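Undergrad: Please find the sequence and the predicted model below.
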Amino acid sequence: MKKVLQIPGAPAPIGPYSQAILKNDTLYVSGQIPIDPVSGTIVNDDVAAATMQVMHNIQALLSEAEMTFENVVKCSIFLKDLNDFDAVNAIYAEFFSSEPPARETVQVARLPKDVSVEISCIAIR
């Protein structure tokens with residue numbers, strides 16, 4: 001049986017998808033963009049601030065599933081501009097101090113709401 005996670009601590013979906021799905025002991029977190037879940041505003045002033053917001057959104061979903069970043073086994077990072085790679089890595093590394101998950105980072109032509117970064121992940125208990 002799967003459990004749909006829909007929490008106020010992460011942005012509401014902007015389409016027909018769930019914030020996250022918990023199936024058995026695996027959490028699938030949909031791509032998170034830098035939307036402040038309280039105000040609904042997009043944090044897009046700079047890619048570091050945007051990445052920090054995305055990571056906090058992911059953290060809220062992990063917490064709802066009684067997990068932490070230590071449970072994350074896979075991340076996918078989508079960037080509007082691959083020149084932002086170092087700035088995104090600096091923030092991302094703050095959340096994965098040891099044994100970081102498997103990951104890919106790709107540049108894409110466009111992201112929802114014209115944001116600079118989107119990150120999804122998979123976590124296992």
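TA: Great, that's in hand.

Undergrad: For the rest of this, base every contact and every neighbour count on C-alpha atoms.
TA: OK.

Undergrad: For residue 9, give me the backbone phi and psi.
TA: Main-chain torsions, residue 9, degrees, to the nearest 10: phi -80, psi 0.

Undergrad: from memory it sits against residue 60, does it?
TA: Yes. Residue 9 lies in contact with residue 60 (CA atoms under 8 Å); the separation is 5.6 Å.

Undergrad: How far away from the center of its chain is stretch 32-48?
TA: 11 Å (CA atoms, centre = their mean, to the nearest Å).

Undergrad: actually stretch 56-65, sorry about that
TA: For stretch 56-65, the distance to the chain centre is 9 Å (CA atoms, centre = their mean).

Undergrad: Sort out which residues of that stretch are buried, please.
TA: Residues of stretch 56-65 classed as buried by neighbour count (16 or more other CA atoms under 10 Å): 56, 57, 58, 59, 60, 61, 62, 65.

Undergrad: The fourth one belongs to a strand?
TA: No. Counting by DSSP: H, G, I helix; E, B strand; the rest coil, residue 59 is not part of a strand but helix.

Undergrad: For it, give me its contacts.
TA: Contact analysis of residue 59 by CA atoms under 8 Å, 6 or more residues apart in numbering lists 68, 69.

Undergrad: Distance check, it against residue 83.
TA: 25 Å (CA to CA, to the nearest Å).

Undergrad: do the last one as well
TA: The spacing between residue 65 and residue 83, counted by CA to CA, is 33 Å.

Undergrad: repeat for the third one
TA: Relative to residue 83, residue 58 is positioned 23 Å away (CA to CA).

Undergrad: Good, we can wrap up now.
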